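K.L.:
show me how the following folds:
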Amino acid sequence: MSDIKKEVLAANEKYASDFGDKANLPMPPGRGFAILTCMDARLDPAKYAGLAEGDAHVIRNAGGRASDDAIRSLVISHKLLGTNEWFVIHHTDCGMETFTDEIMRDLLASSLDTATIDENGWRDTGEGPGSHEGDFIDWLTIRDQAESVKADVQRIKSHPLVPDGIPVHGCIYDCKTGRLVEVAG
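P.N.:
From the prediction side, this is the model:
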C-alpha cells in the first residue's frame, strides 16, 4: 500500500471516529447554493466561503470552467436539490493560464507521462506512445481570468436547462490575499 493511501485511510478513520450526527444531514444543501470552482489544491471553498458540511454544493474541475459536466451538476443541484443561487469562482495564478489547447494536444500526442514546465514553457520529458485523443477535447484554457469568469457566467445563464431568475455570481479568488473579488457581468 502506498504511503499516500495509508495517510488518507488513517485520516478517514480519525474523521469517521468523530462523525457524530453528520449522518443526519439532509441531501439538499442547507444554505441553498452551489459553487463552481477550480480543483487547485490551494483553494478551500469551505474556508473562503464560510461553509460547513451540508451547506452548499461544491463542483470542481480544472479552471472552475462551465463545462457540460459542470452545467449538468448545477442543473441537478437546482432541479432535484433546490439550490437557487450559484457562484462561479476562478482564481489568480491558475495553471489553466499556462497552456493552450494546442500545447496540451501536442504534449499528449508525444507521451502520456507527466510534463514539466520551465522558463521556456511546457515540455514532454516522458517516452511515448502518446495519443491523439486529446485533439478532440476542448481543454477550456484561460487567457484572462475576468473574461473567463464572465464567459462562464454567461454560458450558465443562457443554457436552455437553466431557468431564468437563478442568480449566477462571478468572482476571482486571490491566491495571495484569500479574498474573493467580484467580477462585474
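K.L.:
over to V88: give its phi and psi.
P.N.:
Dihedral pair for V88: phi -110, psi 120, per degrees, to the nearest 10.
K.L.:
quick check: it touching P167?
P.N.:
No - assessed by CB atoms under 8 Å, V88 is found out of contact with P167, at 11.2 Å. Every C-beta, even on glycine, is put in place using the N, C-alpha and C of the backbone.
K.L.:
so these two - more neighbours on which side?
P.N.:
V88 (29 against 10; other CB atoms under 10 Å).
K.L.:
so which residues of the protein form strands?
P.N.:
33-38, 56-61, 85-91, 116-118, 121-123, 168-173, 180-182 (DSSP state E).
K.L.:
what's the last one packed up against?
P.N.:
It stands for strand 180-182. Helices and strands touching strand 180-182, by 3 or more CB pairs under 8 Å, 6 or more residues apart in numbering; DSSP states H and E, are strand 168-173.
K.L.:
swap in the fifth one?
P.N.:
Under the contact criterion of 3+ CB pairs under 8 Å, 6+ apart, strand 121-123 touches helix 101-110, strand 116-118.
K.L.:
mind putting those into JSON lines with mean neighbour count, mean pLDDT and distance to P28?
P.N.:
Output for those, formatted as JSON lines (neighbours: other CB atoms under 10 Å; pLDDT from 0 to 100; distance: least, CB to CB, whole Å):
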{"stretch": "helix 101-110", "mean neighbour count": "17", "mean pLDDT": "97", "distance to P28": "37"}
{"stretch": "strand 116-118", "mean neighbour count": "10", "mean pLDDT": "95", "distance to P28": "41"}
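K.L.:
minimum distance to P129: which of these has it?
P.N.:
helix 101-110 (8.9 Å; CB to CB).
K.L.:
re earlier: so which of the helices and strands packed on strand 121-123 is nearest Y48?
P.N.:
strand 116-118 (26.2 Å).
K.L.:
which other residues reach the closest one?
P.N.:
T98, W122, R123, T125 (CB atoms under 8 Å, 6 or more residues apart in numbering).
K.L.:
now the first one, nearest residue through space, not along the chain?
P.N.:
Translated: T98. With sequence-adjacent residues excluded and distances taken as CB to CB, 6 or more residues apart in numbering, T98 is closest to I117, at 6.5 Å.
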